[in-house]
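> This is a predicted model, with the sequence first.
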Number of protein chains: 2
Amino acid sequence: MKKLDSSFKLIKEKLHKAGFKLTPQRELTVEVLLEKEKDHLSAEEIYLLVKAKNTGIGLATVYRTLEILTELQIINKLTFQDGIARYDLNMGSDKHQHHHLLCLKCGSIEEVKQDMLFEIEKEIERDYHFLVKDHRLTFHGICRNCAEQDKEEEGDVNG
Amino acid sequence: MKKLDSSFKLIKEKLHKAGFKLTPQRELTVEVLLEKEKDHLSAEEIYLLVKAKNTGIGLATVYRTLEILTELQIINKLTFQDGIARYDLNMGSDKHQHHHLLCLKCGSIEEVKQDMLFEIEKEIERDYHFLVKDHRLTFHGICRNCAEQDKEEEGDVNG
DNA sequence: GTAACTGCAAATGGTTTGCAAACCT
DNA sequence: AGGTTTGCAAACCATTTGCAGTTAC
């Protein structure tokens, strides 16, 4: 809980400094985001999780909170191919976005922490005269789990 | 027009082979996509352009046509951060997606033809046991035009 | 001739907005 | 106390769907 606590404090400070009030709804939303850091939740999912914490909250409030948090760069708003916005804590590196692995079978989203794009960004800046501020990189493919399952199924068919 | 003609023929063949009828609406939609190859049009924009060709067409038909073309991998459906689907001809390389440069000022979308990600994909497959099929890479930043405009404006202020 | 296709209008689903009541500070 | 925030319901907007009439093959 140590790490969560300090992140929590940091985020609350950021909100406060930017002149926003610390309402229970906002605190709970941040809490959920911290608890499910790896899950790339949609607004709806966050809404349900906050509600499950025995507190009433409106979906609109969740959207409004997420908008604020995005503005303050506390979270990133991501849109994968289904067009639904998903949110992603932006702790630590205020710099560039990490990458994502989107499984075409089960829809899971895994994170790739390394950046890997420094060289390519330099190329882009040089060759296209485009000043890179950030990037979004998603690989589409088959995750480890699904690949293993596929193998098992093949086995079933043949055996 | 030579290149467009042959692309057009190729696409019509693909449709035909897959058992789809060649209706005027579909032909015109493909025509628009070929003419505006660089523009990353939305469904609505395609709809308006087809209608402008003096033919009536329904928005639903455009969507349905785009769905078919996406299925047949003739076009790619792309979703940038605004959540609106945009479409992109997939001529030549049925392989991996090229990259995009999205300008944060003017919203323009430029293409990067080179792939640049072979090495990184290999790393991903090795380190994450994730079988990469495709990727989406978008750089967010300031395009050449906007950067130049910014400089001019600075000049105005100071002079 | 007939299954596929079209166009309209209505439905859907994620997101936004208006407004009166409730709440931080 | 006063501006901010909330929650509901209605509005919005891109996209999808149902269905009766039309068309490509």
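Cool, the structure landed. Residues are numbered from 1 along each chain as shown, chains lettered A, B, ... in the order given.
> Could you pull out the helices in chain A for me?
Under the criterion DSSP state H, helices of chain A are mapped to A:2-17, A:24-35, A:43-52, A:59-71, A:118-128, A:144-158.
> What are the neighbouring residues in contact with A:Asp82?
Neighbouring residues of A:Asp82 by CB atoms under 8 Å, 6 or more residues apart in numbering or on different chains: B:Thr79. C-beta here means a position set from N, CA and C on the backbone, and glycine is covered the same way.
> can you tell me which of the helices of chain A comes nearest to A:His135?
Set against A:His135 and scored by CB to CB, these come closest in helix A:118-128, at 7.1 Å.
> Tell me how far A:Val112 lies from A:Thr138.
Distance from A:Val112 to A:Thr138, counting by CB to CB, to the nearest Å: 10 Å.
> Can you check which residues contact both of the two?
A:His99, A:His100, A:Leu101.
> Of those residues, which is the nearest to DNA strand D?
A:His100 (20.6 Å; CB to the nearest atom of the strand).
> so who does the closest one touch?
A:His100 neighbours (CB under 8 Å, 6+ apart): A:His40, A:Leu78, A:Phe80, A:Ile109, A:Glu110, A:Glu111, A:Val112, A:Leu137, A:Thr138, A:Phe139.
> Need the per-residue pLDDT for the third one.
Among the per-residue scores, A:Phe80 shows a pLDDT of 91.
> how many neighbours does it have?
18 (other CB atoms under 10 Å in any protein chain shown).
> How about the contacts made by it?
Here A:Phe80 is in contact with A:Arg86, A:His100, A:Leu102, A:Ile109, A:Thr138, B:Thr79 (CB under 8 Å, 6+ apart).
> right, and A:Glu37 touches A:Ile75 too?
No: using CB atoms under 8 Å, A:Glu37 is not in contact with A:Ile75, being 10.3 Å away.
> Mutual contacts of those two, please.
Here A:Glu37 and A:Ile75 have A:Leu89 as joint contacts, going by CB under 8 Å, 6+ apart.
> Settle it for me: which of the two has more neighbours?
Counted by other CB under 10 Å, A:Glu37 and A:Ile75 do not tie: A:Ile75 has more neighbours, with 24 against 16.
> That one contacts A:Asn90, doesn't it?
Yes: under the criterion of CB under 8 Å, A:Ile75 makes contact with A:Asn90 at 5.6 Å.
> what residue is smack in the middle of chain A?
Taking CA atoms, centre = their mean, the centroid of chain A lies closest to A:Asp88, which sits 1.9 Å from it.
> Quickly list what it is bridged to.
The partner list for A:Asp88 in beta bridges (DSSP bridges) reads A:Asn76.
> Who are the contact partners of it?
A:His40, A:Ile75, A:Asn76, A:Lys77, A:Leu78.
> Confirm for me that the first one is in contact with A:Ser108.
No: taking contacts as CB under 8 Å, A:His40 lies outside contact range of A:Ser108: 9.3 Å.
> More neighbours: these two, which one.
Neighbour count, other CB under 10 Å: between A:His40 and A:Ser108, A:His40 has more, with 20 against 14.
> So which of the helices of chain A is nearest B:Glu31?
With CB to CB as the measure, helix A:118-128 is the member of those nearest B:Glu31 (29.2 Å).
> contact partners of that closest one?
Under the contact criterion CB under 8 Å, 6+ apart, helix A:118-128 has outside partners A:Phe130, A:Leu131, A:Val132, A:His135, B:Leu101, B:Glu110, B:Val112, B:Met116, B:Leu117, B:Phe139, B:Arg144.
> Out of these, which two are the most distant from each other?
Once CB to CB is applied, the contacts of helix A:118-128 give B:Leu117 and B:Arg144 as the farthest pair, at 23.1 Å.
> Same drill for the two, tell me which one is more crowded.
Ranked by neighbour count (other CB under 10 Å), B:Leu117 and B:Arg144 place B:Leu117 first, with 21 against 15.
> got the contact list for the more buried one?
Going by CB under 8 Å, 6+ apart, B:Leu117 touches A:Ile120, B:His96, B:His135, B:Leu137.
> Run through chain A and note the low-pLDDT ranges.
Scanning chain A for pLDDT under 70 picks out A:1-4, A:91-95, A:151, A:154-159.
> Quick check: longest strand in it by residues?
Longest among the strand segments of chain A by residue count, using DSSP state E, is strand A:131-142.
> Is any residue of it near chain B?
Yes: judged by CB under 8 Å from any CB of the partner chain, strand A:131-142 and chain B are in contact via A:Leu131, A:Val132, A:Lys133, A:Asp134, A:His135, A:Arg136, A:Leu137, A:Thr138, A:Phe139, A:His140, A:Gly141, A:Ile142.
> Quick one: list the elements packing against that strand.
Judged by 3 or more CB pairs under 8 Å, 6 or more residues apart in numbering or on different chains; DSSP states H and E, strand A:131-142 is in contact with strand A:99-103, helix A:118-128, strand B:131-142.
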